[in-house]
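sequence and predicted model, in that order:
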Amino acid sequence: MPKIKTNKAAKKRFHITGSGKVVRTKGPKSHLRRKKSKRVKRLFGSKVELSSSIMSDKIKKLIK
């Protein structure tokens, strides 16, 4: 049986912590940063844990 390929889009957007939680970055930090305040850039720089356990299971399968 062939190996399951890693979904590269999911690999770039999510990562799994040491305890097994799926973490994503917040969106609007990537471009048009000059007009945003320092506070907004700082808030969007943090990582957020996925709340839905069903979605996190699906993403874990895509990443592995």
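Perfect, thanks for sending it.

neighbouring contacts of the strand or helix carrying R42?
Here R42 sits within helix 38-45, counting by DSSP states H and E. With contact meaning CB atoms under 8 Å, 6 or more residues apart in numbering, helix 38-45 is reached by 25-29, 33. Any C-beta I mention is one placed from the backbone N, CA and C, and that applies to glycine too.

looking at those residues, which are in strands?
Counting by DSSP state E, those place T25 in strands.

and the contacts of helix 38-45, which is closest to K61?
K61 lies nearest to T25 out of those, by CB to CB, at 20.4 Å.

could you report the neighbour count for the nearest residue to that closest one once chain neighbours are set aside?
Sequence neighbours aside, K47 is the residue nearest to T25 in space, at 5.6 Å (criterion: CB to CB, 6 or more residues apart in numbering). Residues within reach of K47, counting by other CB atoms under 10 Å, total 11.

list the contacts of stretch 18-30.
The contact list for stretch 18-30, computed with CB under 8 Å, 6+ apart, reads 13-17, 36, 40-41, 43-50, 55-56, 59-60.

quick one: the residue nearest the centre of the chain from S51, how far?
Taking CA atoms, centre = their mean, the centroid of the chain lies closest to R24, which sits 2.3 Å from it. Using CB to CB, to the nearest Å, R24 is found at 11 Å from S51.
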